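> Sharing a sequence plus its predicted fold:
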Amino acid sequence: MDNSVACPSTPRWNIERPFLTGRFHQETKLTSQHTQYKGYSVNSFSSPGKESPVGCYHASVQELLVIDDILSALVGIEGRYTSIKKVNGKEDHFKFQIDASMDLALQELAKRMFPLCENFLLINQFVESRSQFKNGLVNHAFAAALRTLLLDYQAMVAQLEHQFRLGRLSMQGLWFYCQPLMGTMQALSTVIQKASLNKFTGSAVLNLLQSQAKAMSGDHVVRSLLEKMTQCASTAYLSILERWVYEGVIDDPYDEFFIAENKSLQKEALIQDYDAKYWQQRYSLKDDIPSFLSSAAETILITGKYLNVMRECGHNAQVPMSDNSKLTNFGANHHHLECIKAAYDFASGELLTLIKEKYDLTGKLRSIKRYLLLDQGDFLVHFMDMAREELAKRLDEISVEKLQSLLELALRTTAAAADPTHEDLTCCVERSSLLKRLSTLKDLDVNRPVSDSNDLEEPISITGLETFSLIYKVQWPLSLIISRKALTKYQLIFRFLFHCEYVNRQLCGAWQVHQGVRKLKMRGTGISRSSLLCRSMLKFINSLLHYLTFEVLEPNWHVMHCRLQTAKSIDEVIRCHDFFLEKCLKECLLLLPEVLKKVEKLKSTCLQYAAAAQWLISSSIELTSGTATADSNSVLQFEKDFNSELQSLEPILNNYSQAEPYLKHLAQWILGVGDDR
């Protein structure tokens, strides 16, 4: 954040009229005919003046003179025999000096008190500089606490001066009263120097104060003071925190809060962009987290995110507050952590109830299962019959509008018409094959074997049958769970299932043709062999569909559904849903390209055979021996290709089943296809 633009600068008169800033405390007096003050610069200071050397006075007089000067020095003002000098090489760092002619004992006592004077100067200068707008609320609060401390300190100096005017203050007495302040002022000076050197703001200031307080554990007074300063400085920070965990609003004008908001990320991206990072990056944690909040940082982030979602839905998202839930301070009793936990529990429960009840998450997921996972397939059978010719066309020849009309007709004329959510369903035609599409999604945990890159080349004759897919409309806030990424994974599974169903229907058609000629005595001919081959292919595709449906999708859906019922937060719901999709993709072979390619080749062989079945049977019925021989050779070739692909699948499945036990079920289903041949 550019503070120079966002925050107003200190008014010019605050610099041009130093008497308004307290800078006159550090001015140097010049003695001439007229006495006047001259402010110091960062480069040099005026000399103490032309007073008579203090050494020419009696020791008792010297003591009075030096006490008077020390009282001025305690509030940052030069005296007649004391001066302020800039330390070479150190910005804003000054040293007090005293007339060398002074009595040595008095000089020693004065030098002992000079660190206190120098610390006052440093603290006072820090208070004025950190009170500027651009330094942030934490620095403002810290400076205000220091200002209060300095007022007490100056009141003490005034009381000492009063005692001096009454003749009751000696140099030893002055040291006696100043000595207890040495440790506290030095500790504050150390904090201030580190904060100034590193230009700390916000969380960094709080962490510095806390670490210094812990470092002073042996000095109870200093530690208590630093802890009090930490409490004061954190007040403004806790106000920002309170609005976030109770309202889901970041009110952070000086960019101090440890949660960053990326306003460029919009919730609409969840249904448009596969790689949308809205939920992960719209609000995120920064590196500079206050140490007293580090253990609860993730909880704080999530609490505000939940409240934001509810507010975006128009739902009353404010956490109920009471006097006991105010985040006004923090301490050893961990009351602030209890308040944060209570706010999280409310926000999490409220959002979960909203998503499940008002927006019917379970119903929406069940509807997606019905259509994209083919749980209710009657509409699909009707659609395949009507759209067969359109789907068989090449990609550039397909009319998506016509397919959409046919889909709507299929939905209206089947049991799907009773489901109001069927109106959320539309269709599309992808531009690449399933294998190619899977290879482009780099976030999927695809087991990519080292193979020829030509394997990923698009088939020449790719049609709508391989690329047809459904689109399901999902609105906010369900798009948090059913995002574009999640819907893409559903679509990948749908495309695989859809093509398997199509292959099954084509083989069923071929089988019906065979059944039509059963009454003919064709034992030992090409028809008999073709019938056996058709049965084997049907057994393969049905076994595959059975595995996908009853071994993968149904069990995993049941597990996810049970977990969703017991989920305690939306993040847990998202994890359950994502885990379900990842597991389904993996067990449906979509993350195993080597296995998937073999299955695709087997399906391709089945389709080629189904397309030729009518011709094979009709030619086998002819009496011409040459034709019959050609027919038998064609059947033998299809049989050879099918069995060859099936046998080559066995070692691949056995190899993967060592690491993926679920593949043993698949092997049991489809590798036994030829056992009864």
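Nice, thanks for sending it over.
> what stretches of this protein score poorly on pLDDT?
Low-confidence segments of the chain, defined by pLDDT under 70, are located at 1-51, 88-92, 322-325, 328-333, 446-460, 516-526, 617-632, 671-677.
> domain parsing for it?
According to the TED database, the chain comprises the domains 13-27+52-199, 234-354.
> Any chance of a markdown table for those domains, columns mean neighbour count and distance to Gln512?
The C-beta positions use only the backbone N, C-alpha and C, and glycine is treated the same way. Output for the domains of the chain, formatted as a markdown table (neighbours: other CB atoms under 10 Å; distance: least, CB to CB, whole Å):
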| stretch | mean neighbour count | distance to Gln512 |
| --- | --- | --- |
| domain 13-27+52-199 | 17 | 79 |
| domain 234-354 | 17 | 42 |
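> Dump these to a markdown table, plus distance to Ser634.
Shown next, in a markdown table, are the domains of the chain (distance: least, CB to CB, whole Å):
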| stretch | distance to Ser634 |
| --- | --- |
| domain 13-27+52-199 | 83 |
| domain 234-354 | 44 |
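> Looking at those domains, which is nearest to Trp615?
domain 234-354 (43.6 Å; CB to CB).
> ok, back up a step: nearest to Glu639, out of the domains of the chain?
Glu639 lies closest to domain 234-354 among the domains of the chain, at 42.2 Å (CB to CB).
> Just the endpoints, please. Distance across the closest one?
Start-to-end span of domain 234-354 (CA to CA, to the nearest Å) is 34 Å.
> How far away from the center of its chain is it?
Here domain 234-354 shows a centroid-to-chain-centroid distance of 13 Å under the convention CA atoms, centre = their mean, to the nearest Å.
> Over to stretch 206-223?
The mean C-alpha position of stretch 206-223 is separated from the chain mean by 33 Å, CA atoms, centre = their mean.
> buried set for that stretch?
206-210, 212-213, 216, 222-223 (16 or more other CB atoms under 10 Å).
> and if you look at stretch 407-419?
407-408, 410-411, 414, 416, 419.
> which residues are in contact with stretch 224-240?
Stretch 224-240 is contacted by residues 137-142, 144-146, 184, 187-188, 191, 202-203, 205-206, 209-210, 212-213, 216, 250-252, 256-257, 290, 292, 327-331, 336 when judged by CB atoms under 8 Å, 6 or more residues apart in numbering.
> and if you look at stretch 155-167?
Around stretch 155-167, the neighbours that count as contacts under CB under 8 Å, 6+ apart are 67-68, 71, 74-75, 169, 173-174, 177, 181.
> Please export the C-alpha coordinates of that stretch as CSV.
Listed next in CSV are the C-alpha coordinates belonging to stretch 155-167 (Å, rounded to 0.1, in the frame of the first residue of the first chain):
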residue,chain,number,x,y,z
ALA,A,155,5.1,16.0,36.3
MET,A,156,7.8,14.2,38.3
VAL,A,157,10.4,16.6,37.0
ALA,A,158,8.2,19.6,37.9
GLN,A,159,7.8,18.3,41.4
LEU,A,160,11.6,17.9,41.7
GLU,A,161,12.0,21.5,40.4
HIS,A,162,9.6,22.6,43.1
GLN,A,163,11.6,20.9,45.7
PHE,A,164,14.7,22.5,44.3
ARG,A,165,13.2,26.0,44.5
LEU,A,166,12.4,25.2,48.2
GLY,A,167,16.0,24.3,48.7
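> from now on call the first residue 12
Let's use 12 as the start, then, which means that last one is stretch 166-178.
> OK, contacts around the residue nearest to the spatial centre of the chain?
The residue lying closest to the centre of the chain (CA atoms, centre = their mean) is Gln291, at 3.0 Å. If you count contacts by CB under 8 Å, 6+ apart, Gln291 has none.
> just to revisit the earlier point, reformat the buried residues of stretch 418-430 as JSON lines; add distance to Leu602 and secondary structure.
Output for the buried residues of stretch 418-430, formatted as JSON lines (distance: CB to CB, whole Å; DSSP: H, G, I helix; E, B strand; the rest coil):
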{"residue": "Leu418", "distance to Leu602": "29", "secondary structure": "helix"}
{"residue": "Glu419", "distance to Leu602": "33", "secondary structure": "helix"}
{"residue": "Ala421", "distance to Leu602": "31", "secondary structure": "helix"}
{"residue": "Leu422", "distance to Leu602": "31", "secondary structure": "helix"}
{"residue": "Thr425", "distance to Leu602": "32", "secondary structure": "coil"}
{"residue": "Ala427", "distance to Leu602": "30", "secondary structure": "helix"}
{"residue": "Asp430", "distance to Leu602": "31", "secondary structure": "coil"}
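> Turn these into JSON lines, including distance to Leu385.
Converted to JSON lines, those look like this (distance: CB to CB, whole Å):
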{"residue": "Leu418", "distance to Leu385": "14"}
{"residue": "Glu419", "distance to Leu385": "18"}
{"residue": "Ala421", "distance to Leu385": "13"}
{"residue": "Leu422", "distance to Leu385": "14"}
{"residue": "Thr425", "distance to Leu385": "13"}
{"residue": "Ala427", "distance to Leu385": "12"}
{"residue": "Asp430", "distance to Leu385": "14"}
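> Please report how far Tyr483 lies from Tyr265.
44 Å (CB to CB, to the nearest Å).
> before we move on, what about Ile351?
From Ile351 to Tyr265 the distance is 22 Å (CB to CB).
> among the buried residues of stretch 217-234, which are in strands?
Among the buried residues of stretch 217-234, no member falls in strands (DSSP state E).
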